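S.K.: Give me a model of this one.
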Amino acid sequence: MRWSDRRLWFISIFLLGLLGLTLAIAPNSQQSSGSTYSRDPDGYGAWYAYMEQRGNPIKRWQKPADQLLNPRQAASSQSATLLQIHSKPTRGFFDEEWVKQGNTLIMLGVHNPVTEANFITVQKSPVGDVQIATRRRYPTYLNGQPPTQPTDNQLSNETTLLGDRFGAIVWQKKVGKGQVILCTTPFLAANAYQGAPGNFKFLAELVTQAHNPIWVDEYLHGYKDPQDIKQETANNWFIYLAKTPLLPLFFQAVILLTILIWAQNHRFGQAQSIVVPKIDNSMAYIQALASVLHKAQSSEFALAMIGKEEQLQIQAALGLGRSQLEPETLLQAWTTQTDRPAEELYQALLQYTQPSNPPKRMSDQELLIWMANLRNLRQHLPK
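M.R.: Numbering: from 1, shown residues only. Okay, here's the model as predicted:
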């Protein structure tokens, strides 16, 4: 392989490696969906600013949720409201013991089946119209009839806060002294709804109705308290590298080193010498001579040389030695020992080997036919 070709392969593999590495370690944009730090349409930065302007006591929780959802801490401290906005659909499992103490848990993005409802609907609520973009509903209504006001399901102790005839979009469960509020869409008050004030007001009413301190779970979206980061760094240096530019640089260095090794050795392992095949000088000479004769169209020379050698071989096979004999002697021996007509040997061979009858020029096709006739003669010789 030429150096220019190897360099092209080297650059191509290097670029593909960088592309694969970039895709592998690229930040997960879905994790920021629902975060109050995000300004994207699916973020909640605008709603968080709205709550601060209202003067509501809202804060961001950047520790593992189990540190807040701790029944022992809840029993000895003030009740709280925790808002969780899930980037991916969640099954809605929660810690009942923590809620029973009088706390409120609000979960947006709870997985529910898709119904025949329109994807975009406008729902009526006490604070105004709420725009909803989902077909998912929680089945709470009987006989498919929409309620005229929030309904209670006495069997499951559930209250529908927002919904239509296809089911509930936002519903509430009483658990002990506390409550759990669930929502089928994670985008109830996302930045995309800044032009729909009913959405912001509706979520604000949900988080403030218990009059508890409000916490928004940002640990779900990758935002962690500095103390937790220090603790994780102390426990695992690889996690620390994964959160810094050092890890991409490390992988790029490994890929570059691997490509360099391959470019120098073409493969891993010990280099093996190339076995050069031995050249048959006689065969090379014959092939070279044949090529020259073919280009010069010297079929007469080929007829004379090959015909003479064929006659000597036939004489030897008939026991007449390798000295060139008169045609009559050879034809008689041929007829006696092979029971074949003398004319057959003369037409196929002897007419081309006599000095008085110089060979004529033949085409490639005629030469092939002549060689086939010589092979046929050899089949009749004595073994």
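
S.K.: Where does the prediction get shaky in the stretch 1-150 of the chain?
M.R.: Low-confidence regions of the stretch 1-150 of the chain, defined by pLDDT under 70, span residues 1-12, 14-15, 17-30, 70-77, 141-150.

S.K.: okay but residue 380 is in contact with residue 340, surely?
M.R.: Yes: with contact defined as CB atoms under 8 Å, residue 380 counts as touching residue 340 (5.4 Å). Where C-beta positions appear, they are placed from N, C-alpha and C, glycine not excepted.

S.K.: quick one: residue 380 is in a helix?
M.R.: No: when the secondary structure is assigned by DSSP: H, G, I helix; E, B strand; the rest coil, residue 380 falls in coil instead of a helix.

S.K.: For it, which non-adjacent residue is spatially closest?
M.R.: Once its chain neighbours are removed from consideration, residue 380 has its nearest residue in residue 338; the separation is 4.7 Å (CB to CB, 6 or more residues apart in numbering).

S.K.: same deal with residue 203?
M.R.: Nearest-residue entry for residue 203: residue 189, 4.0 Å, with adjacent residues in sequence omitted and distances by CB to CB, 6+ apart.

S.K.: Just list the residues touching that neighbour, thanks.
M.R.: When the contact criterion is CB atoms under 8 Å, 6 or more residues apart in numbering, the partners of residue 189 are 44, 47, 199-200, 202-204.

S.K.: Make a markdown table from those residues and add neighbour count and distance to residue 252 to it.
M.R.: Formatted as a markdown table, the contacts of residue 189 follow (neighbours: other CB atoms under 10 Å; distance: CB to CB, whole Å):
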| residue | neighbour count | distance to residue 252 |
| --- | --- | --- |
| 44 | 31 | 35 |
| 47 | 25 | 39 |
| 199 | 25 | 44 |
| 200 | 23 | 44 |
| 202 | 24 | 48 |
| 203 | 27 | 44 |
| 204 | 19 | 47 |
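
S.K.: and which of those is nearest residue 274?
M.R.: Using CB to CB, residue 44 is the member of the contacts of residue 189 that sits closest to residue 274, with 66.7 Å.

S.K.: The closest one touches residue 32, doesn't it?
M.R.: No: in this structure, residue 44 sits apart from residue 32 without contact. The criterion is CB under 8 Å, and the distance is 10.2 Å.

S.K.: Could you name every residue contacting both of those two?
M.R.: Overlap between the neighbourhoods of residue 44 and residue 32 consists of residue 38, taking contacts as CB under 8 Å, 6+ apart.

S.K.: what residues does stretch 122-138 touch?
M.R.: Stretch 122-138 is contacted by residues 110-121, 161-164, 166-169, 171, 182, 184-185, 187-188, 193, 196-199, 201-202, 205 when judged by CB under 8 Å, 6+ apart.

S.K.: Same check on stretch 47-65?
M.R.: By CB under 8 Å, 6+ apart, the surrounding residues in contact with stretch 47-65 are 36, 68, 82, 84, 189-191, 200, 203-204, 207-208, 213-220, 223-225, 228.

S.K.: re the thing from before, please state the backbone phi and psi of the residue nearest to residue 203?
M.R.: Note on residue 189: backbone dihedrals following degrees, to the nearest 10 are phi -130, psi 40.

S.K.: for residue 159, same thing?
M.R.: The phi and psi values for residue 159, taken as degrees, to the nearest 10, are phi -130, psi 130.

S.K.: how near is residue 354 to residue 381?
M.R.: The spacing between residue 354 and residue 381, counted by CB to CB, to the nearest Å, is 21 Å.

S.K.: one step back: write the ChimeraX selection for whichever of the contacts of stretch 122-138 are buried.
M.R.: In ChimeraX syntax, the buried subset of the contacts of stretch 122-138 is picked out as below (16 or more other CB atoms under 10 Å):
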select :110,112,115,117,161,162,163,164,166,167,168,169,171,182,184,185,187,188,193,196,198,199,201,202
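
S.K.: Tell me which of the contacts of stretch 122-138 fall in strands.
M.R.: Under the assignment DSSP state E, the contacts of stretch 122-138 contribute 110, 120-121, 161-164, 167-169, 171, 182 to strands.

S.K.: Using TSV, lay out those together with distance to residue 286.
M.R.: Converted to TSV, those look like this (distance: CB to CB, whole Å):
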residue	distance to residue 286
110	87
120	87
121	91
161	99
162	96
163	96
164	95
167	92
168	95
169	92
171	96
182	92
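
S.K.: Go through the residues you listed and say which is closest to residue 372.
M.R.: Minimum separation from residue 372 among these (CB to CB) is found for residue 120, which lies at 86.3 Å.

S.K.: On the strand side of things, show who the closest one bridges to.
M.R.: residue 133 (DSSP bridges).

S.K.: ok, so what distance separates residue 61 from residue 353?
M.R.: The gap separating residue 61 from residue 353 is 109 Å, by CB to CB.

S.K.: go on, residue 322?
M.R.: Residue 322 sits 14 Å away from residue 353, going by CB to CB.

S.K.: which residue packs closest to residue 78, ignoring adjacent ones?
M.R.: residue 213 (6.7 Å).

S.K.: my guess is the one you found meets residue 81, correct?
M.R.: Yes: using CB under 8 Å as the test, residue 213 is close enough to residue 81 to be in contact (7.0 Å).

S.K.: ok, those two, which is more surrounded?
M.R.: For residue 213 versus residue 81, the count of surrounding residues by other CB atoms under 10 Å is larger for residue 81: 24 against 15.

S.K.: Contacts only, for that one.
M.R.: If a contact means CB under 8 Å, 6+ apart, then residue 81 has 103-106, 207-208, 210, 212-215 as its contacts.
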